[in-house]
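# coordinates only, sequence not included:
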């Protein structure tokens, strides 16, 4: 919801029933409702910022760190990066980074064509309108498909298509069981993504940003829950949280067991064709250290207690 406070426009972002963030809005560049969501692109203190259903998706300041966090650790854990599937990421930035890293085939799936085109017109990062149009035609390594991500994965499985990386850049998982995109965080979908991987392939997804900054027993479950899922589905799981971008909490899964995945990632970093701008070897080591809530050996709950 956009509200007026002291002669200025502010966007109210719900965090919990008792917590919200207020975003100061400068110039509003675009506002509309698509068949899938409410879109808002505005200038904020973080530069040009994309909001979907009043939730910030990316901002000019820090977007590179966020998108590198989604892709680079996955590339480091994977055996190779020739084919990449990106679900979500209306901005197209992850696809561009994958192309820069040398991927030969990048399938980009987004359910909302209006959002992709709005991002291309108004965001100073990601696709330009010409690049989005070329991707729609498949005129290059990036091929843009409009549709449901789960359906695309099932069709790819039936056709025998396999990917070295599957990157899920989605709206945050919601506590509301009716949220349509929640299925893309569920065990059944993640299992399908695992089956879609080529040998040595990796799945990457980010987890709910707001709950990470509100350490209450119910909210930290939004971090522990996907960690448990990854442990049940993948032979190797790695947690990554960027020290450059507080929104970027990422979980990685690889079907095969890797004895020391972080050491494998550190060794791969020096040989990676893509040179990250927001991640180096010391950052990789610190970013993969598990927080206390995930170091709980049984994974049954966080070491936080509600105030009496």
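Sure, I can see it. It should be emphasised that the depicted structure is a prediction, and the values quoted were computed from it without experimental measurement.
# which neighbours in the sheet does the host helix or strand of residue 10 have, and how are they oriented?
Assigned by DSSP states H and E, residue 10 belongs to strand 8-16. As defined by DSSP bridges, the strand partners of strand 8-16 come to strand 2-5 (antiparallel), strand 19-25 (antiparallel).
# buried residues in the longest one?
This points to strand 19-25. For strand 19-25, burial by neighbour count (16 or more other CB atoms under 10 Å) applies to 23, 25. In this view, the C-beta of every residue, glycine as well, is placed from N, C-alpha and C.
# tell me who's in contact with the nearest residue to residue 51 once chain neighbours are set aside.
Sequence neighbours aside, residue 40 is the residue nearest to residue 51 in space, at 4.2 Å (criterion: CB to CB, 6 or more residues apart in numbering). Residue 40 is in contact with 2, 11, 28, 30, 31, 50, 51, 52, 54, counting by CB atoms under 8 Å, 6 or more residues apart in numbering.
# worst mean pLDDT among the strands paired with strand 8-16?
Among the strands paired with strand 8-16, strand 2-5 has the lowest mean pLDDT, at a mean of 53.
# what's the longest helix anywhere in the chain packed up against?
Longest helix of the chain, by residue count under DSSP state H: helix 217-233. Counting contacts by 3 or more CB pairs under 8 Å, 6 or more residues apart in numbering; DSSP states H and E, helix 217-233 is packed against helix 187-195, helix 209-212, strand 236-241, strand 249-254, helix 292-295.
# circling back: now, of the contacts of residue 40, which are buried?
Buried among these (16+ other CB under 10 Å): 2, 11, 50, 51, 52, 54.
# need those residues in TSV with distance to residue 74, can you?
Converted to TSV, the buried ones among the contacts of residue 40 look like this (distance: CB to CB, whole Å):
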residue	distance to residue 74
2	35
11	31
50	22
51	26
52	23
54	29
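# buried ones in the helix or strand containing residue 268, by neighbour count?
Here residue 268, judged by DSSP H and E, is contained in helix 261-269. Neighbour counts over helix 261-269 (16+ other CB under 10 Å) mark 261, 262, 264, 265, 266, 268, 269 as buried.
# ditto for stretch 35-46
By neighbour count with 16+ other CB under 10 Å, stretch 35-46 contains the buried residues 36, 37, 39, 40, 41, 42, 43, 44.
# which of the residues you listed lies closest to residue 159?
Closest to residue 159 out of these is residue 36 (25.8 Å), distances taken as CB to CB.
# now the strands for the stretch 1-150 of the chain?
Assigned by DSSP state E, counting those that start in this stretch, the strands in the stretch 1-150 of the chain fall at 2-5, 8-16, 19-25, 28-33, 38-44, 47-52, 55-59, 83-88, 105-110, 142-146.
# noted, bye for now.
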